[in-house]
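Asks: Could you look at this predicted model? Sequence included:
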Amino acid sequence: MRSIWNGAISFGLVSIPIKLVNATESHSISFRQIHLEDGGRIRYRKFCELEEREVSTAEIGKGYEAADGSMIPITEDDLASLPIPTARTIEIVAFVPGDSIDPLQMDTAYYLSANGVPAAKPYTLLREALKRNKKVAIAKFALRGRERLGMLRVVDDVIAMHGLLWPDEVRATDEAAPETQVTVREAELDLADALMDTLGEVDMESLHDDYRSAVEEMIEAKASGEGVLEAPAAAEGAGGKVIDLMAALESSVKAAKEARGDTAAPRREAKVTSLKSRTAPKDVGGKKSTSTKTKPAAPRSRASTSTAAKKTTAKKTAGATKSTATKSTAKKVTAKKTTAKKATSGKAATPAKKATPAKKATSRKHAS
């Protein structure tokens, strides 16, 4: 690997000569600018405004534009002679736990390679000290015309350095946070935890750039005259949907378990409800509708819905039975009252008939 910077690590009174090399590389596909009419390359030429001619790279240097528009030339010697210790030195200022560094600050990654045989011993000493203490080193260094912040850590048998943004270069999170207050229920958190546990870990080596592969296939197809590949059709009704979060989480857990060969999964499927336009309440019988907006009920599972349906049916059946029993009881009571009236009238009539012979017997006694 080609070094991009040579210097030394300053570790107390120890100086470790090192070479700085890029730890990462980009595999993105680059495109050229062309003239659409004839396919000719579009190039940017380096042109001197004063001499009105094109200049070579060797003739180009750095300059700072002053407030009045004039240019102040800055050479590499000027930058190298700056009175700061980090001009050619990675100066370690502290050792801190690795989790104390905010990943938002991390920038470009580099490998620090020992520069020469004499540097191997102090280089190894620093590496093993970082390993044993499980800490990272915070350092300052100068690169490409500015002083930077770095974090040194051990990767395998190499000391790697991550360029860090200065704390004031990281924006605050206030404007990115949700504006509305949302309450998350314990049941939703439980499902989210279950989904995380089901998805589990991943082998980072198995991940690859699908977009780059698709671009390469498209380029090969066009080069061979096959034409442009058709993009997959978008799912119908993908926009303007309100998703039942609980059901979506349950379905996600189910899909993850099925992908891993585990058939046990939640019973409910994701429910997607289309957004409907709001309309004014209709008049019923010349009166305004008294219906009011209510908050949507929390989603219920099939089991709870079935239980509720059974309870409603049981209530209706009980109501019908009670009504029938009431009617039957009323009929019986009415029948009893009618029978009682008939019996009373019959009993009252019987003594009247028996009174006649008594009167006859009394008259006979008076006659004798």
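Replies: Good, I have the coordinates.
Asks: show me where the stretch 101-250 of the chain has strands.
Replies: Listed in chain order, the strands of the stretch 101-250 of the chain (DSSP state E, counting those that start in this stretch) span 106-114, 135-143, 146-155, 158-164, 241-243.
Asks: what angle do the fourth one and strand 135-143 make?
Replies: Which is strand 158-164. Orientation of strand 158-164 against strand 135-143 (axes from the mean of the first three to the mean of the last three C-alpha atoms, to 10 degrees) gives an angle of 60 degrees.
Asks: ok, strand 158-164: who's next to it in the sheet?
Replies: Partners of strand 158-164 in the sheet, by DSSP bridges, are strand 106-114 (antiparallel), strand 146-155 (antiparallel).
Asks: returning to that earlier point: out of the strands of the stretch 101-250 of the chain, the one nearest residue 199 is which?
Replies: strand 241-243 (18.9 Å; C-beta to C-beta). Quick note: C-beta positions are derived from backbone N, CA and C, even for glycine.
Asks: looking at the strands paired with strand 158-164, which is closest to residue 215?
Replies: For residue 215, the closest of those is strand 106-114, at 24.5 Å, according to C-beta to C-beta.
Asks: for the closest one, what is the average pLDDT?
Replies: Strand 106-114 carries an average pLDDT of 92.
Asks: between the strands of the stretch 101-250 of the chain, which gets nearest to residue 186?
Replies: Of all those, strand 241-243 sits nearest to residue 186, with 19.8 Å by C-beta to C-beta.
Asks: what is the rounded mean pLDDT of that closest one?
Replies: For strand 241-243, mean pLDDT is 54.
Asks: before we move on, the earlier item: want to try CSV for the strands paired with strand 158-164, with distance to residue 163 and mean neighbour count as columns?
Replies: Formatted as CSV, the strands paired with strand 158-164 follow (distance: least, C-beta to C-beta, whole Å; neighbours: other C-beta atoms under 10 Å):
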stretch, distance to residue 163, mean neighbour count
strand 106-114, 4, 18
strand 146-155, 6, 17
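Asks: For my notes, please list these in a markdown table and give distance to residue 2 for each entry.
Replies: Listed next are those as a markdown table, based on distance: least, C-beta to C-beta, whole Å:
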| stretch | distance to residue 2 |
| --- | --- |
| strand 106-114 | 11 |
| strand 146-155 | 19 |
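Asks: What pLDDT is listed against residue 325?
Replies: 43.
Asks: do the same with residue 46
Replies: Looking at residue 46, its pLDDT reads 92.
Asks: Find the nearest non-adjacent residue to it, please.
Replies: residue 55 (5.5 Å; C-beta to C-beta, 6 or more residues apart in numbering).
Asks: ok, so what distance separates the nearest residue to residue 192 once chain neighbours are set aside from residue 194?
Replies: Nearest residue to residue 192 in three dimensions, chain neighbours excluded: residue 249, at 6.2 Å (C-beta to C-beta, 6+ apart). Residue 249 sits 8 Å away from residue 194, going by C-beta to C-beta, to the nearest Å.
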